[in-house]
Structure formats: C-alpha cells, structure tokens
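1. Structure for this input, please:
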Amino acid sequence: MTNHHHIAVIGGTGKSGKYLVKKLLEKGFGIKMLLRNPDQLELYHPAIEKVKGDARNPVDIALLLESCTAVLSTLGQPKGEPPIFSTATKNVLDAMQKLNIERYIVTTGLSVDAPNDHKSEKVQQATDWMRTNYAPTTADKQVEYELLAQSELDWTLVRLPLIEQTDEAKGIKVSLYDCPGDHISATDLANFIIEQLDSAEYIGKAPFIASI
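-> Reported below is the predicted structural model:
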C-alpha cells in the first residue's frame, strides 16, 4: 500500500479508465469517481464514492478532490463537444493548490510535443495526422501540457499510442523522447499509473509508454 489512500479519478468509465479503477480496487485504494451520470455506473464497490459532475466545472472538481491525496485522469474527449482537456486540467490544478494536493497523473496522446522529443518519422507522421484530422482536440491537448509544464505541482503526463482493452499485462517500455511502440495494454497502463503514485522518476515529465 502507498501513502495515498484516497484517490480522485476522472474518466474512470472510459476504455482505459475502467481498467485503472479495477486495479485501484484490487490494491485496496479508496476512490472518488467523477461521473456525469452516476446512476449509469454498473460497478458497485464499497470503496467507490460517486461524485456527480463535469470536469469542466471547477465546483465539481473541487468537490471531487476533497479528502483525496492524489488525482488520476484518463479523461476522454466527449463526442460532439468542445475540447475538454485544458479546461479540466486547469480546474484540477487550481483545486489541488487550494486543497494542498500534490500528485496529478494524467494521460494524453502521442501527438503532444515536449521540448526534448526526438520523434521517429512514424510517430511524427501520426502526430501530423492528428493535427490535420483532429485539430481542435490536438491543439487543446498541447495547451494542457503547457499548463502542466508551468505548474509547480507533482504532475506526470503519460503519452500513449493506441490502447488495447485487455486484462493481459505484457510489460512496458518507457521513453522521454519517442513513443516506443504502437499499442499499450489498458492493464499495463493502469499498473504504470498506480506505480507512479510512489515514484518521483517522472514527476514534471511526459513519458511515452507502450507495451512490449
């Protein structure tokens, strides 16, 4: 068990978030989950506290973070809605400062650029494709990174390739410069995120991860 006993989770019903929630429960964490429609959550567990709200609402985020020691986000982009990522992260960072919470781990795509990147031709092509076909969302994810980079809190932005929804843990490769693979197991991702709760290795950094 870690020093973190009560975790705020955003995006916990998504294609990677549900695996993260499963692993957190297996490891004995208490969870507060932000849910637009709490009644639609099929998972019941006494360690889950449901908070009705939207990540774009700072009041909802503040309520979610109360009594928590860390924040984990696997937030996805709602279809047909304006980009959500930078607004959600700004709300999280503001609430964390007010509530004296230090640890924030959030996932994003491989299209996000960081200063020391050396992306391969393949990864750069994927980045360019995202910028062309999903311009508003891709730009907003970059803004999210800039907000984190300016923060003094203990953040980690995990950059991902395609997510495979599987219970199989294959092991991972990590790089601060280039995405080391084409896929990431949702279970590998969940394990990596939880490991970072007790690790300072990637604080203030944006590692790429992929399954072996």
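
2. do you know how far the closest residue to Asp140 other than its chain neighbours is from Ala55?
-> Nearest residue to Asp140 in three dimensions, chain neighbours excluded: Pro83, at 3.4 Å (CB to CB, 6 or more residues apart in numbering). Every C-beta, even on glycine, is put in place using the N, C-alpha and C of the backbone. Using CB to CB, to the nearest Å, Pro83 is found at 12 Å from Ala55.

3. now Asn91
-> 7 Å.

4. Now list whatever residues contact both of these two.
-> Counting by CB atoms under 8 Å, 6 or more residues apart in numbering, the contacts common to Asn91 and Ala55 are Ile61.

5. can you pull out the helices in this structure?
-> All helices of the chain, identified by DSSP state H, fall at 17-26, 58-65, 85-99, 121-133, 135-149, 186-196.

6. Which among these is found nearest to Pro161?
-> helix 121-133 (8.2 Å; CB to CB).

7. Next, the angle from that closest one to helix 135-149.
-> Here helix 121-133 runs at an angle of 120 degrees relative to helix 135-149 (axes from the mean of the first three to the mean of the last three CA atoms, to 10 degrees).

8. Alpha carbons of helix 121-133, in PDB - could you do that?
-> C-alpha atoms of helix 121-133 as PDB (Å, rounded to 0.1, in the frame of the first residue of the first chain):
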ATOM      1  CA  GLU A 121       9.300   9.500 -38.700                       C
ATOM      2  CA  LYS A 122       6.400   7.200 -37.900                       C
ATOM      3  CA  VAL A 123       5.400   8.900 -34.700                       C
ATOM      4  CA  GLN A 124       5.800  12.300 -36.300                       C
ATOM      5  CA  GLN A 125       3.500  11.300 -39.100                       C
ATOM      6  CA  ALA A 126       0.900  10.100 -36.600                       C
ATOM      7  CA  THR A 127       1.300  13.500 -34.800                       C
ATOM      8  CA  ASP A 128       0.800  15.400 -38.100                       C
ATOM      9  CA  TRP A 129      -2.200  13.200 -39.000                       C
ATOM     10  CA  MET A 130      -3.900  14.000 -35.600                       C
ATOM     11  CA  ARG A 131      -3.200  17.800 -36.100                       C
ATOM     12  CA  THR A 132      -4.800  17.600 -39.500                       C
ATOM     13  CA  ASN A 133      -7.800  15.500 -38.700                       C
END
